[in-house]
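A.B. asks: dropping the sequence and predicted coords here.
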Amino acid sequence: MEKREGSPCGFKKETVNKLLQHHFKDEKTQVSDDALLLVAELLKVFVREAAARGARQAQAEDLTRVDVEHVEKVLPQLLLDF
């Protein structure tokens, strides 16, 4: 995540747009700037929450390093919460 001017939430609007466009059936579908900022903000919150929950999982296992496995363990509940 990198803060860019015009994107106060950390993700580049172009990257978010490409992610969304990749999943649209009609390639002519367009997304407004406000919608891109909203989705980027949601992605930021999701990533931060995943990192925090992964860290808590590692801490519960008395570890000081968070690995992918920790995030994988909390992912099902995280997805249900979002």
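C.D. replies: Happy to help now that I have it.
A.B. asks: elements contacting the lengthiest helix in the chain?
C.D. replies: Assignment by DSSP state H gives helix 33-60 as the longest helix of the chain. Here helix 33-60 is seen to pack against helix 13-23, helix 68-81 when contacts are counted using 3 or more Cβ pairs under 8 Å, 6 or more residues apart in numbering; DSSP states H and E. Using the backbone N, CA and C atoms, a C-beta is placed for each residue, glycine as well.
A.B. asks: could you tell me the least trusted of those?
C.D. replies: Note on the helices and strands packed on helix 33-60: lowest mean pLDDT is at helix 13-23, with a mean of 92.
A.B. asks: and that one, which residues are buried?
C.D. replies: 13, 16-17 (16 or more other Cβ atoms under 10 Å).
A.B. asks: which of the three states applies to residue 29?
C.D. replies: Taken by DSSP: H, G, I helix; E, B strand; the rest coil, the conformation at residue 29 corresponds to coil.
A.B. asks: what about it, how many neighbours?
C.D. replies: Residues near residue 29, counting by other Cβ atoms under 10 Å, number 10.
A.B. asks: just checking, it touches residue 21?
C.D. replies: Yes: at 7.3 Å, residue 29 and residue 21 qualify as touching, with contact defined as Cβ atoms under 8 Å.
A.B. asks: identify the residue spatially nearest to residue 64, adjacent ones excluded.
C.D. replies: residue 58 (7.3 Å; Cβ to Cβ, 6 or more residues apart in numbering).
A.B. asks: on that earlier part again, the longest helix of the chain - what's its average pLDDT?
C.D. replies: 95.
A.B. asks: and the angle from that helix to helix 13-23?
C.D. replies: The directions of helix 33-60 and helix 13-23 differ by 90 degrees, with axes from the mean of the first three to the mean of the last three Cα atoms, to 10 degrees as the criterion.
A.B. asks: begin at 268 from here
C.D. replies: Will do, 268 is the new start, and the previous item becomes helix 300-327.
A.B. asks: buried sites along helix 300-327?
C.D. replies: For helix 300-327, by 16+ other Cβ under 10 Å, it's 303-304, 306-308, 310-311, 317, 320-322, 324-325.
A.B. asks: show me what contacts the residue nearest to residue 331?
C.D. replies: Counting by Cβ atoms under 8 Å, 6 or more residues apart in numbering, residue 325 makes contact with 331-334, 337.
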